[in-house]
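> Pasting the sequence and the predicted coordinates here, then a few questions.
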Amino acid sequence: GCEGPAATVQEITTGVVGPGTKVEVNGVVAMSHKFLVSKSSNTNSCLWGVFVSAPGLAETAANTGIIALSYGNKATQPMGQQEFYCPRLGQDEIGDAIPDNIKPGDTLDLVGVVDRFPDPPNCTGDNPPNKIGMLQLNQVCKAEITGTATPPTPKVMTATEIAQISSTDAADNAFHDMWGGVKVRIENAAVEPEAGMVVGEFGIIHLQNGVEVGDKIYYRGY
């Protein structure tokens, strides 16, 4: 069934509630729109997500954010095409548990399974190898909008914290558990241009301080 014991975002990110536990997390505040997290090239599964914050905050802080994830309908192959594509948000039936119209400030009651992905020591990546997995609320089977709230102001990161954001070393695992999924602010950020453009290949922005601004929320691979 779609139910579990009550838990908080802070209990998940501090390890009080461990991976594999199905929990109910109530009153969280959406910090993003719904977006396509990934499409599997092997199974054509489509994974959708939304970032959420712990309730009642004026400013984000360590251990107060997480990403909620839910699988929807599988990717299909349009007539005359060779590639498989996930449903188009706002146009097609998505099939997952997260409301399509969710927006920052919506409050939610969630039920899902605490997870870490990738799960060390099986983390892989390019230049350098990534040794850190991200805590998640996966397999969300309930995501009910219950009201609205003012989203907390993003915390301004220090120079030391900015350096840790781009670290893929296992020694910084505790830092990423505290800040993974939390909306933060980096001030006076200069860009490392690619071919003279601020936004590089696949919509990724590289900052001169080493931080990579991913494309997941605004990039659509259709």
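Yes, it's here.
> what stretches of this structure score poorly on pLDDT?
120-130, 217-222 (pLDDT under 70).
> hmm, who's touching the longest strand along it?
Using DSSP state E to define each element, the chain has its longest strand at strand 134-148. Outside strand 134-148, the residues that touch it by Cβ atoms under 8 Å, 6 or more residues apart in numbering are 2, 12-13, 19, 22-27, 50, 66-71, 96-99, 102, 105-117, 176-177, 180-181. No exception for glycine: its C-beta is placed from N, CA and C like everyone else's.
> and it, which strands flank it?
The strands beside strand 134-148 in its sheet (DSSP bridges) come out as strand 65-71 (parallel), strand 106-117 (antiparallel).
> centroid residue for this protein?
Centroid-nearest residue in the chain: Ile67, 4.0 Å away (criterion: Cα atoms, centre = their mean).
> any idea how far stretch 179-198 is from the chain center?
Put simply, stretch 179-198 sits 17 Å off its chain's centre (Cα atoms, centre = their mean, to the nearest Å).
> how long is it end to end?
25 Å (Cα to Cα, to the nearest Å).
> residue ranges of the helices in this structure, please?
Using DSSP state H, the helices found in the chain span residues 9-13, 159-165, 173-179.
> Could you look over the ones you listed and pick the most buried one?
helix 9-13 (a mean of 21; mean count of other Cβ atoms under 10 Å).
> just checking, what packs against that one?
strand 22-30, strand 65-71, strand 134-148 (3 or more Cβ pairs under 8 Å, 6 or more residues apart in numbering; DSSP states H and E).
> for the first one, packing partners?
Just to be clear, that refers to strand 22-30. For strand 22-30, the contact count by 3+ Cβ pairs under 8 Å, 6+ apart identifies helix 9-13, strand 46-53, strand 106-117, strand 134-148 as packing neighbours.
> Kindly recompute the last result at 10 Å.
helix 9-13, strand 46-53, strand 65-71, strand 106-117, strand 134-148 (3 or more Cβ pairs under 10 Å, 6 or more residues apart in numbering; DSSP states H and E).
> Ok, which of those comes nearest Asp215?
Ranking these by proximity to Asp215 (Cβ to Cβ) places strand 46-53 first, at 13.7 Å.
> Centre of the chain to that closest one, how far?
5 Å.
> any idea of the angle it forms with strand 65-71?
Inter-element angle recorded for strand 46-53 and strand 65-71: 160 degrees (by axes from the mean of the first three to the mean of the last three Cα atoms, to 10 degrees).
> Return the list of helices and strands in contact with strand 46-53.
Secondary-structure packing of strand 46-53 (3+ Cβ pairs under 10 Å, 6+ apart): strand 22-30, strand 35-39, strand 65-71, strand 106-117, strand 134-148.
> Run the angle between the last one and strand 35-39 for me.
In this case it means strand 134-148. Using the same axes, to 10 degrees: strand 134-148 against strand 35-39 is 150 degrees.
> buried ones in strand 134-148?
Applying a neighbour-count criterion of 16 or more other Cβ atoms under 10 Å, one finds 134-143 buried in strand 134-148.
> Pick out whichever of these sits closest to Pro193.
Closest to Pro193 out of the buried residues of strand 134-148 is Met134 (28.2 Å), distances taken as Cβ to Cβ.
> Quickly list what that closest one is bridged to.
Assessed by DSSP bridges, Met134 has beta-bridge partners Phe117.
> Report the separation between it and Pro87.
Using Cβ to Cβ, to the nearest Å, Met134 is found at 24 Å from Pro87.
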